[in-house]
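> predicted model follows, preceded by the sequence.
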Amino acid sequence: MIPITKIEVGDEERALVLDVLDRGHLAQGPLVERFEGLCATMAESDHAVAVNNGTTALVLAIEALGVRPGDEVITSPLTFIATINAILEAGATVRFGDVGDDYNLDPASIESLVNERTRAVMPVHLYGQAADMTAIGSIAENNGLALIEDAAQAHFATTSEGRAVGSYGLGCFSFYATKNVMCGEGGVVTTSDAALADRMRVLRNQGMRARYEYEVPGHNYRLTDLAAAVAIPQFDRIDATIAARRANAARLTAGLGDVAGLIAPRAEDGRGHVWHQYTIRLTEEAAVDRAGLIDALVEQEIGHGIYYPRAVYDYDCYRSHPRVVIDGSPRAESFARSVLSLPVHHHLVDDEVDTVIEVVRKALGA
């Protein structure tokens, strides 16, 4: 089988995990601090606050900004459910723009949603490509809004300005097992605001600055040294990881770019795409629909994924939620019906990429 993703743990990770076990300091400790330093460098930020997963990173960022019930946060309708859950957990109301051809939040869809209750904009850097942060950042600045970047899929991605994802506001990253850099479960918030970093460190640690000295009601969002030990060695290999993913994406596009009814993804506006996913889109001109293409992939044991099968609000539990405002996101809804992700991970070999191309072309009559 050619899987949609492949998790491999190297000797360096094993050695560092064993070192943690031998030292006996399993909870948040020196390796978490080392991990935070690597993440701050990744996001070109002064601070990084590690937490136990990507969702809590979003919740922590929202809470640190002082977002309260009655406040509104504008975000993308094409994303993983954690984005909306984090906003709701913080007590805020969710508003949705629409997406552009890059699958990210379209800046043109934001302005009409801004009102006196709007507190923050949360773009999602989907599939490994940065959103248009020049335009979104300008909108946030002009309207006095906080900027929270959901960068769960975009480690080391860069914007058209050459800046790192996570450097514009509060950058929230996930290190879930399938990410380009992973530790099983983990997250981090990056920022260059020292006061916000300090507040988040207190909030993640039960509201304590020192043991049994509670300053605010807090949470246990701490990351373990065991998790940090899994992630740290991958930073040394990240250049090779990204290069392999980019090479696989280029090979896929070269082989699929001329197929009728198939829109291949691309890196927009000089942005540094890191290809967490390679997501095609089928149009009405395609010889088969998405279900038919999936059948062909399954028959040849080729992994695939639909990210995401619906706009994030298109579920009964959210459509009826009093703090979910659905403004209309027709492009996101259309894309959700037609997108399909193919294997692009850095463990693929050329023959496997060629097999994916061959099967897709044949299924679509090319």
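That came in fine, so what should we check first?
> for the stretch 251-366 of the chain, which segments are assigned as helices?
Shown for the stretch 251-366 of the chain, the helices assigned by DSSP state H, counting those that start in this stretch span residues 290-299, 316-319, 330-336, 350-363.
> and the first one, what does it pack onto?
Counting contacts by 3 or more Cβ pairs under 8 Å, 6 or more residues apart in numbering; DSSP states H and E, the secondary-structure elements packed against helix 290-299 are strand 339-342, helix 350-363. For every residue, glycine as well, the C-beta is placed using N, CA and C.
> got the angle for that helix vs helix 350-363?
140 degrees (axes from the mean of the first three to the mean of the last three Cα atoms, to 10 degrees).
> what does the average pLDDT come to for helix 290-299?
Taken as a whole, helix 290-299 carries a mean pLDDT of 98.
> residues of that helix that come out buried?
Arg290, Leu293, Ile294, Ala296, Leu297 (16 or more other Cβ atoms under 10 Å).
> for Arg281, what are its contacts?
Arg281 sits next to Leu262, Ile263, Phe335, Ser338, Val339, Leu340 when contact means Cβ atoms under 8 Å, 6 or more residues apart in numbering.
> partners of it in the sheet?
Ile263, Val339 (DSSP bridges).
> check it and give its pLDDT.
For Arg281, the predicted pLDDT is 98.
> state the distance from it to Gly171.
27 Å (Cβ to Cβ, to the nearest Å).
> quick one: Ala131 and Val124, what's the gap?
Counting by Cβ to Cβ - Ala131 and Val124 are separated by 7 Å.
> find the residues that touch each one of those two.
Ser76, Asn104, Leu105.
> leaving out the residues flanking it, which one is nearest to Leu60?
Once flanking residues are discounted, Leu60 sits nearest to Met200: 5.3 Å by Cβ to Cβ, 6 or more residues apart in numbering.
> tell me which stretches of the stretch 1-150 of the chain form strands.
Taking DSSP state E, counting those that start in this stretch, the strands of the stretch 1-150 of the chain run over residues 47-51, 72-75, 93-96, 118-122, 146-150.
> could you please name the strands the first one pairs with and the direction of each pair?
Yep, that's strand 47-51 we're talking about. Under the criterion DSSP bridges, strand 47-51 sits next to strand 187-191 (antiparallel) in its sheet.
> in terms of secondary structure, what does the helix or strand that the partner strand is followed by contact?
Tracing the chain C-terminally past strand 187-191 and defining elements by DSSP states H and E, one meets helix 194-204 next. Other helices and strands packing on helix 194-204, by 3+ Cβ pairs under 8 Å, 6+ apart, are strand 47-51, helix 54-64, strand 187-191.
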